[in-house]
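[1] dropping the sequence and predicted coords here.
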Amino acid sequence: MLGAGLLAGFAAGLFGIGGGFVVVPALFAVLPLLGGDPAIRPHVAIGTSLATIIFTSMRSVQAHARRGAVDFEVLRSWAPWIVGGVAVGVLLAHLVDGRFLAMTFAIGVFLMALHFFFPVLASRQISDQMPRGLTRASVAGGLGTLSSLLGIGGGTIAVIVMTLCGRSIHRAIATAAGFGFIIAVPGAIGFALIGLGESGLPAGSLGYVNLIAAGTISIMSILTAPLGASAAHALPPALLKRLFAIYLMVVSLLMFRDALRL
């Protein structure tokens with residue numbers, strides 16, 4: 001858990017993500033040590049990941065904001081729609097089984113990796129303005145829904161949207177870090193509530209949020225998020241996108257394996 005926290009924090013600062021792509025696979029490996037029913041392990045992993053993202057995202061945003069790279073207007077205008085989407089995602093998570101959640105995570109990460117692997121798609125710009133009106137509501141709501149189902153901070157999707165809309169990769173990553181906090185707070189509360197009274201929870205759990213894992217990972221990730229932010233601003237955009245793609249692909253393959261074992 002300590003190691004996962006260190007890596008999650010660095011990844012959060014480097015890629016503008018909440019760290020869920022590190023935390024969820026790590027929790028799949030660690031949660032068996034705390035006991036509990038394997039069938040609900042994906043729910044606990046995702047709920048706990050969202051709880052850790054609260055602190056990781058705050059630290060990452062602070063580091064990027066000091067460089068003047070965060071677009072707070074985008075965060076404010078997207079927040080209501082994102083929170084509504086998170087509520088839908090938590091409800092869906094309550095209705096599906098663990099294997100479905102794990103497979104959804106693997107497929108989602110795989111598709112996101114493809115976007116950054118292929119230069120034609122990764123470098124494409126479709127607009128010079130961020131979505132507004134109904135388009136913004138749809139994209140932001142979908143971002144909240146998918147992120148809460150995957151246990152992520154939505155940074156990957158936000159980076160894709162912002163780069164397609166003409167924002168630089170560095171500004172997109174910095175702003176995307178803020179989406180994690182907006183998603184993680186209602187997401188973690190929701191997973192804690194829908195898991196209350198569930199039998200077979202690992203030791204130290206509040207609903208589908210394991211407090212032992214969340215506390216350990218959060219403490220360590222806070223330390224390394226600023227280091228990742230510094231690295232993000234030092235690396236060239238093309239290399240940053242390629243590193244992001246490789247990282248996502250590895251995580252996707254690991255989660256496909258874990259989903260098939262459930």
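    Everything's here; your move.
[2] on the three-state scheme, Gly36 is what?
    coil (DSSP: H, G, I helix; E, B strand; the rest coil).
[3] surely it meets Glu198?
    No: Gly36 is beyond contact range of Glu198, at 9.5 Å (criterion: CB atoms under 8 Å). Just so you know, the C-beta spots here come from the backbone N, C-alpha and C atoms, and that holds for glycine as well.
[4] so between the two, which is more surrounded?
    Gly36 (19 against 15; other CB atoms under 10 Å).
[5] got the contact list for that one?
    Each residue near Gly36 by CB atoms under 8 Å, 6 or more residues apart in numbering is listed here: 44, 200-203, 205.
[6] ChimeraX command to pick out the buried ones of the residues you listed?
    Only the buried members of those enter the following ChimeraX selection, criterion being 16 or more other CB atoms under 10 Å:
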select :44,201,202,205
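[7] I'd like the contacts of Gly36 as TSV, with distance to Met112 appended.
    Compiled in TSV, these are given as follows (distance: CB to CB, whole Å):
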residue	distance to Met112
Val44	23
Gly200	31
Leu201	30
Pro202	28
Ala203	33
Ser205	29
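[8] in helices, which of the contacts of Gly36 appear?
    Under the assignment DSSP state H, the contacts of Gly36 contribute Val44 to helices.
[9] got the phi and psi for Val209?
    For Val209, the backbone dihedrals are phi -110, psi 120 (criterion: degrees, to the nearest 10).
[10] my read is that it contacts Ala51, right?
    Yes: at 4.9 Å, Val209 counts as touching Ala51 under the criterion of CB under 8 Å.
[11] now do the shared contacts for the two.
    With CB under 8 Å, 6+ apart, Val209 and Ala51 have common neighbours 188, 191-192.
[12] can you pull out the helices in the stretch 101-250 of the chain?
    Using DSSP state H, counting those that start in this stretch, the helices of the stretch 101-250 of the chain run over 119-122, 133-150, 155-164, 169-194, 211-234, 237-261.
[13] nearest to Val23, of the ones you listed?
    When those are compared by CB to CB, helix 211-234 sits nearest Val23, at 6.0 Å.
[14] that closest one packs against which elements?
    Judged by 3 or more CB pairs under 8 Å, 6 or more residues apart in numbering; DSSP states H and E, helix 211-234 is in contact with helix 2-15, helix 20-30, helix 41-65, helix 169-194.
[15] which residues touch Ile46?
    Ile46 neighbours (CB under 8 Å, 6+ apart): 20, 24, 93, 101, 105, 148-151, 191, 208.
[16] sketch out the low-pLDDT regions of this structure for me.
    Residues of the chain that meet the criterion pLDDT under 70 lie in 16-18, 116, 119-124, 237.
[17] give me the most central residue, the protein.
    Ile152 (2.0 Å; CA atoms, centre = their mean).
[18] wait, what's in contact with Val161?
    Counting by CB under 8 Å, 6+ apart, Val161 makes contact with 130-131, 139, 143.
[19] again, only using 7 Å
    Contacts for Val161 were tallied using CB atoms under 7 Å, 6 or more residues apart in numbering; they are Val139.
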